[in-house]
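[1] The sequence and its predicted three-dimensional model are supplied below.
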Amino acid sequence: MMKDMQEIVNAVSGLKEDEVHLYFMRILAQIKRLKEQSERLEAPLDEHIAGPVASLLGYYTSLMDTPKKREFWDPSPDCTHVHIVCGDSFAGGMKQALTGLGWTDSHKLVTLRENYAIGPLGQLDSPEGRKARSEWFFQNIVGYTTATDECEEMYSELMDKLEQIPEQAQVVIWTSGNANEQTGLRLAVHLLGSRQSGIVVCDACATCEELYNTPDASIKYRSSGEIPADKLREALLRIQDGNRLTAADITRLDLEWQNISEQSRVLRIWQEDAVLEVPADYYDSYLLEKLDYLKPPSGDDGFLKSARLVGEALGYCDQCIGDSFFEYRVRELIYSGILEIKGVPTALRFYSVRRRAN
């Protein structure tokens, strides 16, 4: 019994926060069905509960299989390709695309899960640098709960996966026109260390825009995570068209990473084919413009839900920054006295803002 419980603890501990919420909501929904259906007497009890019980068993199986599924995507000695991607959303789409192509035995996946457009990046090769980054997120980004020791464990797992890449495998680093993925590209090249060949860089956004955009209908992707799996399959079929890095390219990208990591600011944008650091308040005036443009509901004393403001800013921003950074700047505008608040700033849905009256 204790062994079974420890397996459950290990499985749950390996989940991300949003995955925990999803499983919990699904389980509660099925338990509710069990309770409601067990009270009905029109049919035998076992007929009523068969469906919900099957669902609960399915969720249990899915949960317990999750660590094995993650291991399945780790680089293996006989794999031919290893794809390095930025972000869980892109990783999820890429897994679906690789599965759809039947490539899962030979193509493996490594995910850089952080948002490298924000937060300090100095000395990430050292525990001190990673601790400083983790502490900045903990102090400034609502909902960030990853402890420093967990960050160290994630970093060790990442390095282990990179070291597992066999010499014969082609490494495909996916990037696109945003600071997160472009910084991730340079970090990946840096972390791959002495590997001087077999690295290809592919841009899924550019490929899919070229394939699918027409004069009558076009989509401009801001990040690879926005691309559906069916279109990613077509991008995968064209990895041979990617940019094969030379030794000079690798040296240049590694040097660019060193330059980025020596910068002290916590916000980066992609502009003129370069990752540029900008002040933390770079988008403050943009947020205020959006606030002035949006009309708050009548009878709410001019207060606008912060989620509405951040959603509008996120939707029209030409950069891929993330809603958490915009929310952080809204709070800074409150603290500086530019905005007034109604509610508690523990999460976007819990408070509203308006300009402070002169």
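    Done, it's in.
[2] all strands for this protein, in order.
    Counting by DSSP state E, one finds strands in the chain at the ranges 81-86, 107-112, 170-175, 199-203, 243-244, 267-271, 274-278, 304-305, 339-343, 351-355.
[3] Parallel or antiparallel, which strands does the fourth one pair with?
    Going back to what we said before, that points to strand 199-203. Counting by DSSP bridges, the strands paired with strand 199-203 are strand 170-175 (parallel), strand 243-244 (antiparallel).
[4] I'd like the mean pLDDT over it, please.
    Per-residue pLDDT values across strand 199-203 average out to 97.
[5] got it, and the third one?
    This predicted structure assigns strand 170-175 an average pLDDT of 98.
[6] distance between that strand and the chain's centre?
    Between the centre of strand 170-175 and the centre of its host chain there is 17 Å, according to CA atoms, centre = their mean, to the nearest Å.
[7] Would you mind listing the buried residues in that strand?
    170-175 (16 or more other CB atoms under 10 Å). (Glycine included, C-beta is placed from N, CA and C.)
[8] Pick out whichever of those residues sits closest to Leu304.
    When the buried residues of strand 170-175 are compared for distance to Leu304 (CB to CB), Thr175 wins out at 35.5 Å.
[9] Show me where the stretch 251-358 of the chain has its helices.
    Counting by DSSP state H, counting those that start in this stretch, the stretch 251-358 of the chain forms helices over residues 284-293, 306-316, 323-335, given from the N-terminal end onward.
[10] what packs against the shortest one?
    Pointing back at helix 284-293 there. Counting contacts by 3 or more CB pairs under 8 Å, 6 or more residues apart in numbering; DSSP states H and E, helix 284-293 packs against helix 306-316, helix 323-335, strand 351-355.
[11] Quick check: pLDDT value at the closest residue in space to Arg222 that isn't next to it in sequence.
    The shortest distance from Arg222 to any non-neighbouring residue, by CB to CB, 6 or more residues apart in numbering, is to Cys320 (4.5 Å). Model confidence at Cys320, expressed as pLDDT, equals 93.
[12] State the distance from Cys320 to Ile165.
    Per CB to CB, to the nearest Å, Cys320 is found 27 Å from Ile165.
[13] quick revisit: turn the strands of the chain into a markdown table, including distance to Pro296.
    Listed next are the strands of the chain as a markdown table, based on distance: least, CB to CB, whole Å:
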| stretch | distance to Pro296 |
| --- | --- |
| strand 81-86 | 36 |
| strand 107-112 | 39 |
| strand 170-175 | 39 |
| strand 199-203 | 40 |
| strand 243-244 | 48 |
| strand 267-271 | 28 |
| strand 274-278 | 29 |
| strand 304-305 | 4 |
| strand 339-343 | 11 |
| strand 351-355 | 7 |
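[14] what about those strands, which gets the closest to Glu327?
    Each of these was checked against Glu327 via CB to CB, and the shortest separation belongs to strand 351-355, namely 10.1 Å.
[15] now that closest one: mean pLDDT?
    Computed over strand 351-355, the mean pLDDT rounds to 95.
[16] Show me which helix or strand of this protein is least confident by mean pLDDT.
    When the helices and strands of the chain are scored by mean pLDDT, DSSP states H and E, helix 45-72 comes last with a mean of 59.
[17] With distance to Ser261 added, can I get the strands paired with strand 199-203 in CSV?
    As requested, those are exported to CSV (distance: least, CB to CB, whole Å):
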stretch, distance to Ser261
strand 170-175, 17
strand 243-244, 23
